[in-house]
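J.: just coords:
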């Protein structure tokens, strides 16, 4: 079974631009969560989608948004990029929402904002 | 506000000895805890989990202990192997917040051959 895939793996953008990251979950998984990882901050929860609906949202500004498609693939978008948005963005999928289901992470997208 | 804390950024252990990684949390509503291992350039890999109804869960060389009164959990790796060298993250969640996991900042473990 293929794992979680994320594209692109690396991205360089300039301040003020917008970016869209993509995540394909494990086949059969319907829950997708997004995290931002920065040095010293660990993984910060962005949002979670299940059946095309956002179920949870972390404490991030409205510039960060996401969506999920009917095939469970998910995208996240960051508008008006700031230098502080430079981070590793991780996507995780699980078979169902709920704490008893382990999340499986993709390799991440490394975003650099210059 | 960091609800899950890993106060040791790094740990070095000799091969064959025990590695103990610690994690503290502040939210008493957390009832599910996980440990993840992360190698460079890869996403975190699920290692082991524990529900708040237990105080210990074991899987091969890995054991997680939960002390709810102290809001503390630890991961024991026995015996430690060089391949265990990675960054370890603990994470916590409350059953009424779905998959919103709160992660610690990670502990980098180095197992010395």
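T.: It's in. Since the structure is predicted, the reported quantities are computational estimates derived from the model, not experimental observations.
J.: Mind pulling up the pLDDT for whichever residue of chain A sits closest to chain B?
T.: Chain A approaches chain B most closely through residue A:105 (3.2 Å), counting by CB to the nearest CB. Every C-beta, even on glycine, is put in place using the N, C-alpha and C of the backbone. Reading off the confidence values, residue A:105 has pLDDT 92.
J.: what's the closest non-adjacent residue to it?
T.: Leaving aside its sequence neighbours, residue A:105 sits nearest to residue B:43 (CB to CB, 6 or more residues apart in numbering or on different chains; 3.2 Å).
J.: where are the low-confidence patches of chain A?
T.: Scanning chain A for pLDDT under 70 picks out A:1, A:97-101.
J.: residues from it in reach of chain B?
T.: A:4, A:31, A:33, A:35, A:40-45, A:48, A:50, A:55-56, A:58, A:90, A:92, A:94, A:97-108 (CB under 8 Å from any CB of the partner chain).
J.: show me where the chain has strands.
T.: Picking chain A for this. All strands of chain A, identified by DSSP state E, fall at A:5-7, A:10-13, A:19-24, A:31-38, A:42-50, A:53-57, A:64-68, A:74-78, A:87-94, A:104-105, A:109-113.
J.: switch to chain B, that's the one I care about
T.: B:4-5, B:10-14, B:19-25, B:32-38, B:45-51, B:56-59, B:62-67, B:72-77, B:86-93, B:102-103, B:107-112.
J.: In CSV, list those strands along with distance to chain A, mean pLDDT and mean neighbour count.
T.: Formatted as CSV, the strands of chain B follow (distance: least, CB to the nearest CB, whole Å; pLDDT from 0 to 100; neighbours: other CB atoms under 10 Å in any protein chain shown):
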stretch, distance to chain A, mean pLDDT, mean neighbour count
strand B:4-5, 8, 94, 20
strand B:10-14, 13, 97, 14
strand B:19-25, 11, 97, 21
strand B:32-38, 4, 93, 23
strand B:45-51, 5, 92, 17
strand B:56-59, 12, 96, 12
strand B:62-67, 13, 98, 18
strand B:72-77, 15, 98, 19
strand B:86-93, 5, 94, 24
strand B:102-103, 4, 90, 24
strand B:107-112, 11, 97, 17
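J.: Out of these, which gets nearest to residue A:71?
T.: Nearest to residue A:71, of all the strands of chain B, is strand B:45-51, at 23.6 Å by CB to CB.
J.: From the chain's centroid, how far away is the closest one?
T.: Chain-centre distance of strand B:45-51: 8 Å, with CA atoms, centre = their mean, to the nearest Å.
J.: Report all helices and strands that that strand contacts.
T.: Taking 3 or more CB pairs under 8 Å, 6 or more residues apart in numbering or on different chains; DSSP states H and E as contact, the helices and strands that strand B:45-51 lies on are strand B:32-38, strand B:56-59, strand B:62-67, strand B:72-77.
J.: neighbouring strands for the last one, and are they parallel or not?
T.: Sheet partners assigned to strand B:72-77 using DSSP bridges are listed as strand B:19-25 (antiparallel), strand B:62-67 (antiparallel).
J.: could you dump the ones you listed to TSV with distance to residue B:2?
T.: TSV is the format used below for those (distance: least, CB to CB, whole Å):
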stretch	distance to residue B:2
strand B:19-25	9
strand B:62-67	19
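J.: Of all the ones you listed, which one is nearest residue A:10?
T.: strand B:19-25 (29.7 Å).
J.: contacts for that closest one?
T.: By CB atoms under 8 Å, 6 or more residues apart in numbering or on different chains, the surrounding residues in contact with strand B:19-25 are B:3-8, B:11, B:13, B:33, B:35, B:70-78, B:80, B:84, B:88, B:90, B:92, B:102, B:104, B:107, B:109, B:111.
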